[in-house]
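Enquirer: Got a predicted model here, sequence first, then my questions.
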Amino acid sequence: MSDTNKKASSHKGKTLKKYHLSFKKEVIAYAEMNGNRPASRRFSVNERSVREWRANKSNIEGLLRTTAKAKQRCKLGGGGRKPLSPKLEQVMLEFVESRRSRGLRLSCKLIMKKAEVAHLRMTENNPVDGGDFRASRGWLYRFMKRNGLSLRRRTSIAHCALNLPVDDSFNDVIHRFKDGQPCSTGKAMLRSQLEILSEQANVNPYDTTDSDVEEAYPPPLELLDSDQEGIVTSKSIEVTGHQ
């Protein structure tokens, strides 16, 4: 018998046990040959757990075949805290996708405020199902994780100018600088080209504040302050970057 049990203390002081999927598979195999009660005594587990594991045999074996790390898992998929309201979840997801498709800015505060307003409108005619709802940072993190969203900081104008067309004369100045050739009008042409790019990007080139552009390496969501704004993008919750 493999020793794969884990112990954890609950809030009531009782000692609970968690079992790896590989251990459950071993118990299932023994129970199929000898019965649930002998398996319960043999592996020192509750007989009810043996019945539940046998009922989920196909799911347990299927998960064990996926990756090598699955052997160390203790739970099947589908666990975790469920959304407060599936309807609210859908409304907020449509709100985020709508603003993204139009290129509009999204911030933590905006998403949380919209969620509270949407929940109030959904429950104003049904006080029984209303209840108190506060869109906290924890709720925001779980909402984004469930729907594959990530929060990214804003950065400078340089990123938004990368894909804009550049004048040939500006390219000529850059090549001269790289080749070490003198160019008396270099600074003036650089300033002129910057103003052209800024006009196309609809931003102030001399504004030192951040603009609404995504950064290639966003910080983790939990490191952002409550008053810090960002941009929501889809399909990437595992955020990595420079600390």
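Expert: Noted; the coordinates are in hand.
Enquirer: State the helix or strand in which residue 17 lies.
Expert: Per DSSP states H and E, residue 17 falls inside strand 15-19.
Enquirer: Would you mind listing the buried residues in the helix or strand following that strand?
Expert: Reading on from strand 15-19 to the C-terminus, the next helix or strand found by DSSP H and E is helix 21-34. Applying a neighbour-count criterion of 16 or more other Cβ atoms under 10 Å, one finds 21, 23-28, 30-31 buried in helix 21-34. Heads up, the C-betas are built off the backbone N, CA and C, glycines and all.
Enquirer: And the host helix or strand of residue 114, what's buried?
Expert: If you go by DSSP H and E, residue 114 is part of helix 108-123. Neighbour counts over helix 108-123 (16+ other Cβ under 10 Å) mark 108, 110-112, 114-115, 118-119, 122-123 as buried.
Enquirer: got it, and stretch 52-71?
Expert: 53-54, 56, 60, 63-64.
Enquirer: Pick the one among the buried residues of helix 21-34 closest to residue 132.
Expert: residue 21 (38.4 Å; Cβ to Cβ).
Enquirer: Quick check, that closest one in contact with residue 63.
Expert: Yes - counting by Cβ atoms under 8 Å, residue 21 does reach residue 63; the two are 6.2 Å apart.
Enquirer: residue contacts, residue 87?
Expert: Counting by Cβ atoms under 8 Å, 6 or more residues apart in numbering, residue 87 makes contact with residue 122.
Enquirer: secondary structure class for it?
Expert: The three-state label given to residue 87 by DSSP: H, G, I helix; E, B strand; the rest coil is helix.
Enquirer: Quick check: pLDDT value at it.
Expert: Looking at residue 87, its pLDDT is 83.
Enquirer: The one 10 residues further on now?
Expert: What the model reports as pLDDT for residue 97 is 88.
Enquirer: what separates it from residue 146, distance-wise?
Expert: Remark: distance between residue 97 and residue 146 (Cβ to Cβ, to the nearest Å) = 14 Å.
Enquirer: Give the helix, strand or coil label for residue 50.
Expert: For residue 50, the assignment made with three-state DSSP gives helix.
Enquirer: Does it touch residue 36 like I think?
Expert: Yes - counting by Cβ under 8 Å, residue 50 touches residue 36, with 4.6 Å between them.
Enquirer: what about those two, which has more around it?
Expert: Set side by side, residue 50 and residue 36 show more neighbours around residue 50, with 23 against 18, by other Cβ atoms under 10 Å.
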